[in-house]
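S.K.: compute the structure for the input listed below.
(2 chains)
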Amino acid sequence: MNVVVLMVFVSLLLVASGILALAWSVKQGDPEHSDRLSLLPLEEEPPQSEKDART
Amino acid sequence: MHEAVTESNAHLCRHCHSPVPAREAATGFCCPGCAAVYQLLTDQKLDRYYALAGNQVVPVAATEPHGRAWLEPLLDTASGALDLDVQGLHCAACVWLLDELARRRGTSAIVNPARGTMRLLLKPGFDPRRYVDEVEQFGYRLGPPSKVHARPSSSGRLTLRLGISAALTINVMIFAVSFYTGLSPREGEVFRLFSRLTFVLATLVVLVGGSLFFRSAWQALRRRVLHLDIPIASGILLAYVASVAQVAGAHGDRSYLDTLCVFVTLMLLGRWIEERVLDRNRRLLFDDDGLGSLTVQRRLGRQTENIPASAIVADDELLLAPGDLLAVDATLLSTAAAISREWTTGEPDVVGAALGERIGAGACNRGRAAVWLRAECTLADSSLATLLAAAVDRDTVAGVVPAYARFADRLARGWVLTVLGLAVAALLYWLHRDASRAIDVTVALLVVTCPCAIGIAMPLGSELVQARLRKAGFYTRRRDLLARLDKVRTVIFDKTGTLTLGRLQLVDEAPLDALSTGARDAAYTLATASSHPASRCLATALAARGAHLVPTQDAAEEPGQGGRANIAGSTWTLGRIAAGGGTVLQRDGQTVAAFELVELLRSDARAQMTELRARNYAVRILSGDAPERVARVASSLGLPADAAEGGLSPDDKAARIAAIGANEVLYLGDGVNDTRAFATALIAGTPAIDRPIIPGRADFFLVGEGLGGVGLALALARRLARVQRATLFLSLSYNALVVAACFAGYMTPLRAAVAMPLSSIAILTLTILGLRQPARKPSQPRANPASVNANPALEPA
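M.R.: Numbering: from 1, shown residues only, chains lettered A, B, ... in the order given. Below is the predicted model:
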C-alpha cells in the first residue's frame, strides 16, 4: 500500500513539474516561436559572440 | 527533393505547386513573383527553403514598390536591435530564410511567425536598409512595429489552460481505470486516497479549463443570448456538483469526474484549434486597418522629418517618395508628377500633374522622382478620411441579425431548452419512481447530452477546410466566415487590381520584332527611363530581344505622357500621342512603330467566372473605372453586358450591393473606394495585401495572382455546411439513444465514459471523411487554355 501512495505522490510531482515547465515555456513565448524553435536541432552551434548578442 | 517533385508535376508551379496558367506554361511558374523568388533562392543557394517548407509554400504575393519613409525614424531611435513587423510569414522555412539572409549579412534575426514580427540585431557594418530591400525581393513586406507592443495574444493563456487540463485529465483517467477495474469502497484507504485525488484534480480541471466556459456562458446570459456555451457550462457545473456529492458520500467510483475532465479538455482543444488558426491568419498581414499607420515626410527648414499622417496641418510641405501614398489633399509644388488614382477611383492610368495642380488624398506617386506638395487640410478633413469614416463595421450595426447567425442561435436555444426540459422531466419521473436514484439519473442525462462532439467537430472541420484554403492562397480573418460563405448567392468583383493585375501586356509583338537595331535600342533607352507601366512592359519585352542602352545625356520623362531623348542626332519620343491611343515610338516627329498594350487580367479570372456561373452564382462587376473599359473586361470574361457597371462612386457600389441583397453578396475589391461596399456586403475580401487599410477591413484576403481561392472557398463552405448538418443529425440520434437509456435508468459512469468518446470519434471520423475528398479542383486555367489564351487581357492601356 505504501508503495502505491509513494508512486502516486511521485507521479503527481512529475505532473506538477510538467505543468510548471509548460507555464514557464508559455511565459517565455515559446508557442509563438515554435517555428523557429523547430529549426534549432538542424542548426549548427552559433559562435559564442552571437549567443552573447542574443541574450 | 523539390526538383523531383516539379518534374513529376510539370503542370504545377515550380515554386508553390499551384496550377500553372496556360500563358505561363513555358516558364513553369504560376506567376512572375514565384519565378523571381525561385530564381533568387536557387541563385543564392537558398534552396534549402524548399526542403524545410515541404508543401507549405504559398504563391508569392504581388506587391507594388513602396517607399521607405517609415524606416529612417526607426533607425534614428534604434539601439542595438530593430523591431519590425513582417508580412507574409507562414512557416518555419520563412523563419529560416529571413534568419539566413541576416546571417549572410553578418547579423542575426529573431523571427516570430506567430506574431508576424522580427527583431534584427544591429551589428557594426550591417546595413538594415539593404536587408529590408533584400527581404522584400522574396515577397515579404517589412514595416514599423505596430505589433511589438500590442496586447499579448490570448492564445498563450489558452495553451496553458489546455496543457494543465490535459495533464490533470490523464491522471484522473488513471485513477478512473482502477475504479472501473474493481477498486471499491471495500479497499479502504487506497479507495479513499484515489477518490480524493480524483476530486482534487478534477476540481482543478473545472477551475482552470471549465472557467472559460462559465465566463462565456455568464456573459451570454447577461446579454440575454442563448449561446452554445450555456449547455456546456451548465453540464460541467451540474456534473461536477453531482459527482462531488457522490465522492462526499463515499461513492467516488460512481462519479463522472473522469468523463467530465475529458470533456473539458476536448472542448478546450477545439477552442485552441479555432483560436490558433484565426490568430495565424490575422498576423500574416500588418496590423494596418487605419490611416494612423501612414507616415509622411514633412519639410523642416532645410531638412525633412518623418511624422504620422495624423500630424499633418494645412500648408505643411510634404515630400512624396516614389511608391508613397498621399494621405491628405494637397497642391503640387514640383513642376510635374506622375500619379495614379487607382486606389481611390479604380482608374488604372498613370496621369501627369502640373505645378499648382490639386491632387486628392489617396493618390500614389508613380514617377521616378520624389515630388513636393503643400497640404490643404489635416488628415481628419481629407477626402480619404471622409470616405473611410462612413464605412462602419457591419457587426456594430444594432438590430440586424445576419442569416449566418440565425442557425447557431436556433441550435443553441433548442439544445439548451431541450436538455433542461429533459433533465427536469427525468428528475420528476424518477422522484416518483425511485427517489434515491433521481439525482443519479438527472446527472447522467446532463453529462451524456453535453454537446462535446459538436464542440470539437466544428473547429476541426473548419481547420481542415482552412488548411486547404491557405494552400490555395485564401486566408480567412474572421471566425464565422465559412458559415457566411454558405449564404452567398452573388459574387461581385471590382475591376482594377482585382480582376486585373495592374500590369500591361503587348497585344501584338510584331511591331517590336520589326524594329531596326537602332530603333530598338532607342526605344529601350526611353522605356527604361520611365516608370510608367507601359514603359515597364516595353522595356521587359525589348530586353528579351537583346536591346541595349544607348548613351544619352538628356533622356527625360514627361510624367504621364512618355519619354524624350536625343540619340545620335535625332529626337526620339516614346509615349501616347492621343488620348485613348496606343503607345507610339517616334523619331523626329515621324512614327516609327505603334504598340497596343492591354491591361493584364488575372490568369484564372475567366475560368473563375465561368465556374461560378456554372454553379449558379450570380457574378457581377462594379467598378469606378470608365464604363466602356469595364464592358470590355466583362465581355472578355464571358459576362453579359448587364452584369458589369462602370463609373460608379463608392456610394453607388454600396447601393447596388444593398439592392441585390447585402446578406447574400461576396464582394472582392482592392481600393479605398471599395470600403463602403466592404461595409455593406455580407463578405468582403481583397487580393491587395500590400495596400494599407483595405486588408484590415476585409474578411479574407488572397495571396498570389489567382482568384481560384474564392471559388474553392465557396465550394468548401457548402461542403462543410453539409458535413455539419450530417454531424448534427448523428449527434441528435446519439443523444436520443442515451437520453432514452438515462430515462430507463441504464446509464452509469462507465457506460457514459464509453459512449461519449465513441460518439466523439464517430462524429470526428464523419467530419474528416466528409471533407477529405476535394469538393472540386480549384479552377485551373490549363483545363481550358483556349479560353484564357484567346484574350487574356483586353483592356487598352
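S.K.: which residues does the one residue sitting closest to the centre of chain A contact?
M.R.: In chain A, the residue lying closest to the centroid (CA atoms, centre = their mean) is A:A21, at 5.3 Å. By CB atoms under 8 Å, 6 or more residues apart in numbering or on different chains, the contact list for A:A21 is empty. Where you see a C-beta, it was placed from the backbone N, CA and C, and this is true even at glycine.
S.K.: which stretch of helix or strand covers it?
M.R.: In this assignment (DSSP states H and E), A:A21 forms part of helix A:2-28.
S.K.: right, and the helix or strand after that helix?
M.R.: Downstream of helix A:2-28, the first helix or strand assigned by DSSP H and E is helix A:34-39.
S.K.: mind listing what's buried in that following helix?
M.R.: Buried residues in helix A:34-39, counted by 16 or more other CB atoms under 10 Å in any protein chain shown: A:D35, A:R36.
S.K.: now do the residue of chain A at minimum distance from chain B against B:L268, distance only.
M.R.: Nearest residue of chain A to chain B (CB to the nearest CB) works out as A:E32 at 3.7 Å. Distance, A:E32 to B:L268, by CB to CB, to the nearest Å: 19 Å.
S.K.: who has more neighbours, those two?
M.R.: B:L268 (27 against 22; other CB atoms under 10 Å in any protein chain shown).
S.K.: confirm that one sits in a helix?
M.R.: Yes - if the criterion is DSSP: H, G, I helix; E, B strand; the rest coil, then B:L268 is within a helix.
S.K.: pretty sure B:Q724 contacts B:M458?
M.R.: Yes - under the criterion of CB atoms under 8 Å, B:Q724 makes contact with B:M458 at 6.6 Å.
S.K.: contacts for the helix or strand where B:L197 lies?
M.R.: In the assignment (DSSP H and E), B:L197 maps to helix B:189-205. Residues outside helix B:189-205 that contact it (CB under 8 Å, 6+ apart): A:1, A:4-5, A:8, A:12, B:164-165, B:168-169, B:171-172, B:175-176, B:178-179, B:183-185, B:240, B:243-244, B:247, B:250, B:252-253, B:255, B:257-258, B:260-261, B:264-265.
S.K.: my guess is B:G210 contacts B:V264. True?
M.R.: Yes - shown here, B:G210 and B:V264 form a contact pair, counting by CB under 8 Å, at 5.2 Å.
S.K.: show me whatever sits in contact with both of these two.
M.R.: Taking CB under 8 Å, 6+ apart as the contact rule, B:G210 and B:V264 both touch B:I236.
S.K.: settle it for me: which of those two has more neighbours?
M.R.: Counting neighbours by other CB under 10 Å for B:G210 and for B:V264 shows that B:V264 has the greater number, 32 against 28.
S.K.: how about the residues of chain A near chain B?
M.R.: By CB under 8 Å from any CB of the partner chain, the residues of chain A that approach chain B are A:1, A:4-5, A:8, A:11-12, A:15, A:18-19, A:22-23, A:26, A:29, A:31-36, A:38-39, A:46, A:50, A:53-54.
S.K.: tell me which element B:T304 is part of?
M.R.: Going by DSSP H and E, B:T304 is part of strand B:303-308.
S.K.: sheet partners, orientation included, of the helix or strand that that strand is followed by?
M.R.: Counting by DSSP H and E, the element after strand B:303-308 in chain order, helix or strand, is strand B:317-320. Paired neighbours of strand B:317-320 in the sheet (DSSP bridges): strand B:295-300 (antiparallel), strand B:371-375 (antiparallel).
S.K.: export those to a markdown table and tack on mean neighbour count and mean pLDDT?
M.R.: Below are the strands paired with strand B:317-320 laid out as a markdown table (neighbours: other CB atoms under 10 Å in any protein chain shown; pLDDT from 0 to 100):
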| stretch | mean neighbour count | mean pLDDT |
| --- | --- | --- |
| strand B:295-300 | 19 | 78 |
| strand B:371-375 | 22 | 89 |
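S.K.: where's the closest residue to B:R697 other than its chain neighbours, which helix or strand?
M.R.: With CB to CB, 6 or more residues apart in numbering or on different chains as the criterion, B:R697 has its nearest non-adjacent residue at 5.2 Å, and that residue is B:F678. B:F678 belongs to helix B:675-680 when elements are defined using DSSP H and E.
S.K.: elements contacting the helix or strand that comes right after that helix?
M.R.: Per DSSP H and E, helix B:675-680 leads on to strand B:683-686 as the next helix or strand towards the C-terminus. Where contact means 3 or more CB pairs under 8 Å, 6 or more residues apart in numbering or on different chains; DSSP states H and E, strand B:683-686 is packed against helix B:481-485, strand B:665-668, helix B:694-697, strand B:700-702.
S.K.: residues making contact with strand B:683-686?
M.R.: B:481, B:484-485, B:488, B:498, B:665-670, B:674, B:677-678, B:694-695, B:697-702, B:710.
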